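Q: Sequence isn't available, so here's the structure alone:
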């Protein structure tokens, strides 16, 4: 035998020695050494061939043997011991502690096995509770507890441009250069900006997600390459840019078949050849919001960012700044540092930078923060379900303990102390909860994939949700806690058996007042928790309802949208861009099935949008920092008609509103009221883009539209014509006669008739954007509502169980009452009243708890107050009805008691 | 609780298969019956006796031995140190001095005798009723 198998043999022997300890001490003392000897001989023989099958067979034999021989060995031992014990009634000596634990476990298993129905209900209830908690916690763990996927991520910060507390759309590149030069808090600072780029030169034009960045950004993230190299400083400085690119592992594998010769070759991006210098590793993550932007395919020098003016104009926000703090520098110090720098810049460039500050925010906070509240909400909801489940099981235990009083008092009479009984009862709870917990983990394992897929809209990063050590530890904690929660109180009650009293009673005799009070407080707690959960679910559902009925300001059905971006190298002048757009829109309108079509910079609720400051001409000009902002959209004539946005005054854009004619704008109703309160805004002038911006004459007024979110307050909105402000990026909206997707290919072909190299993407019905906008909130509602209903179901079972038990206990009393002339109706009311007293008190407590709890919910609500009276009264009414029903059925049974039968039972 | 040894072997019938086979193994080939057999040898013998059908683990074996000692079907053979009869396949022999040897008591032999007769009656009965086909010649 080789040394290795000998050592594995001795490891097996160690296991066998441990297993030997399971045998009763008397048996062990006598046969232990011989059994070990037996084992050695058997294993030496079995493992001689060192075959895995033989080892397996040996293990199975031993396990089987253990299962067969342990129970009789213990039976013999216990018989002998009980005989001794009743004679002396001495406490167990300390060396028998381990054995007495095993004894407890054995008793527990036996007494559980005696009532399989009870055990099954308990285990199922706990499995549901613990399983749901484990699954939800696995998500919380992956999103909130695991560190972000970058080295030393705690030092990573976003620096957001901000006016007061209001975060701006992005950072100004020229400001960033000043920040980088002057700050003392950051080890590195960098900029990123995601934007799609066109890849041409293949069979079909393709759109990639581009990430324009500088070396600082890659350094800040501690990025590495799997092949090739990262950018070097000179390649990403705007002035000295080089046409180089780094691509993602995913793009390298899917599009280029993991070709090893790709490094050094050229990709035509936005019409220009870039040399591939590096390939990122597969696990590299970009700090973008998973829901908003897909992972970038290609990293390009920031100098190639195609939006003219975004990099060389002070006041033009276009990039996002990421930084890594120097070791030991707290966020507050970095913030003070940035405050000092931005104050100096405001003095230096008062026109653009007055009032413009910078907020330093940890990446973790920024990326994970928005998910925290919904996730914790769901975790709280599922925690309440577990509490309600525990209360139910506790009630079951109490009922069982009452039925077992005789058994327990016999045990007490035989010399078992209270602690001994308590321990035995608790072992039963712990065994039940461990089995329930194991089943729960299995349930969670089955649920976690489905959950991960369905909960994706709530998640910020592409987090991998697994049942890792932390989650399993949580499950174990929840299990033990549940076991104690539902076990301690009943065990305490039951172990309080008075010998003289109980031994003389029948096993099912009525119990004293204390356990009943306990059971009423348990159902009271359940109902109160249910109120909290149902009210939360109700409020969230009402918010969702309010969101779904928000007037978006346009007709979303039969609308198709798609996007494209012109390569700046190909379309160099505004005139070229405008004429391409004009030709495209004409082609699209000619497609059969298209009723109307228009161009728009940012289709509502599609995630895009541009915000600019404005000033009403004639109003007193104040400092730049105090200017209000509006949401600006660039559209083609016919846009409002296509979207069915009502025109309230003035006219639409026409093809005569061109570059050479006077600047015109159309504003929404809210902005019109601000421009000319009580009068017509048409003919008035506004300056869009602050003091240095363009002065435009208002020619029309249209209805208000929701642009970014369904829940947003109405924005000031202005529209300008694409002929007067041509941008290389545009979306197309198409009003169709039939199913929007049915014309998608024809519309794409229409664009390719104008430019066959132009990639087109984001082809989807506008209705889908609307559904997506409701996705995350409706998910929260569904999850919370399901948990609330589960809790309601459990609580109903609890109330029903307690009332039935009560009625059964009082059969005799009811019989006497009826024999003395009480009517069935009176009995019914008596029983219902008794149950409902508890319920009413519990409802009152629940409402108070819910008022406190829903304040935490306020940020998730829309269009409904946290103390919405309708929701509260509906929940109270629902619970009251359910509780009355749960009391009614047992009460009816009581009222139909035949007095003679009831009395004869004694 | 120690049961009083039943003087009447009839009261112990029927024997469990394990007990029956232990008694069989102790009775068979007993030229040196007085020496008895130790546990592992017993298990080995039973395994080969039954063609591998009964393969006992240590717990089952010693559990049965304990009960058979209690009912005095078997007894331990008193002996000094130093075992004899190295077990087949034993790689090392260091535990030999701990080994205990067992042999059947008179009661055990009686019980075995009675049990075998009982079984023989059962077999004969089955044969008469043509319920038992004779085994193929080995």
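A: Noted; the coordinates are in hand. This is a predicted model, so every value here is computed, not measured.
Q: after the host helix or strand of residue A:534 comes which helix or strand?
A: Assignment of secondary structure by DSSP states H and E places residue A:534 within helix A:513-548. Remark: after helix A:513-548, the chain's next helix or strand is strand A:559-565, criterion DSSP H and E.
Q: Name every strand pairing with that next one and say which way it goes.
A: Looking at strand A:559-565 with DSSP bridges, its partner strands are strand A:729-736 (antiparallel), strand A:761-765 (antiparallel).
Q: what's in contact with the longest one?
A: Okay, so that is strand A:729-736. Outside strand A:729-736, the residues within contact range by C-beta atoms under 8 Å, 6 or more residues apart in numbering or on different chains are A:558-566, A:581, A:584-585, A:588, A:593-603, A:606, A:608, A:634, A:639, A:642-644, A:722, A:740, A:742-743, A:747, A:751, A:762, A:766. (Glycine included, C-beta is placed from N, CA and C.)
Q: Which of the three states applies to residue B:56?
A: Look at residue B:56: counting by DSSP: H, G, I helix; E, B strand; the rest coil, its state is coil.
Q: Could you dump the strands paired with strand A:559-565 into CSV and include mean neighbour count, distance to residue A:887 and mean pLDDT?
A: As requested, the strands paired with strand A:559-565 are arranged in CSV below (neighbours: other C-beta atoms under 10 Å in any protein chain shown; distance: least, C-beta to C-beta, whole Å; pLDDT from 0 to 100):
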stretch, mean neighbour count, distance to residue A:887, mean pLDDT
strand A:729-736, 23, 58, 89
strand A:761-765, 18, 51, 82
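Q: just for the stretch 1-150 of chain A, where's the confidence low?
A: Per-residue confidence for the stretch 1-150 of chain A (pLDDT under 70) gives these ranges: A:1-11, A:47-53, A:55-56, A:82-101.
Q: Now for the single nearest residue of it relative to chain B: which residues touch it?
A: For the stretch 1-150 of chain A, the residue closest to chain B is residue A:65, as judged by C-beta to the nearest C-beta, at 2.3 Å. Residue A:65 makes contact with B:56-60, according to C-beta under 8 Å, 6+ apart.
Q: and if you look at residue A:709?
A: Residues touching residue A:709, when contacts are defined by C-beta under 8 Å, 6+ apart, comprise A:605, A:773.
Q: coming back round to it: make a markdown table from the strands paired with strand A:559-565 and add distance to residue A:832 to it.
A: Putting the strands paired with strand A:559-565 into a markdown table (distance: least, C-beta to C-beta, whole Å) gives the following:
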| stretch | distance to residue A:832 |
| --- | --- |
| strand A:729-736 | 60 |
| strand A:761-765 | 54 |
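Q: one step back: tell me the mean pLDDT for the helix holding residue A:534?
A: Model confidence over helix A:513-548 averages 81 on the pLDDT scale.
Q: Which pLDDT value goes with residue A:869?
A: Per-residue confidence (pLDDT) for residue A:869: 88.
Q: Distance of the closest residue to residue A:378 other than its chain neighbours relative to residue A:377?
A: For residue A:378, the nearest residue in space outside its immediate sequence neighbours is residue A:783; the separation is 5.2 Å by C-beta to C-beta, 6 or more residues apart in numbering or on different chains. From residue A:783 over to residue A:377 the distance is 9 Å, taken as C-beta to C-beta, to the nearest Å.
Q: These two: which has the busier surroundings?
A: Counted by other C-beta atoms under 10 Å in any protein chain shown, residue A:783 and residue A:377 do not tie: residue A:783 has more neighbours, with 23 against 19.
Q: Now do the contacts for the residue of chain B found nearest chain A.
A: Of all residues in chain B, residue B:57 sits closest to chain A, at 2.3 Å by C-beta to the nearest C-beta. For residue B:57, the contacting residues are A:61-62, A:64-66, A:68-69, by C-beta under 8 Å, 6+ apart.
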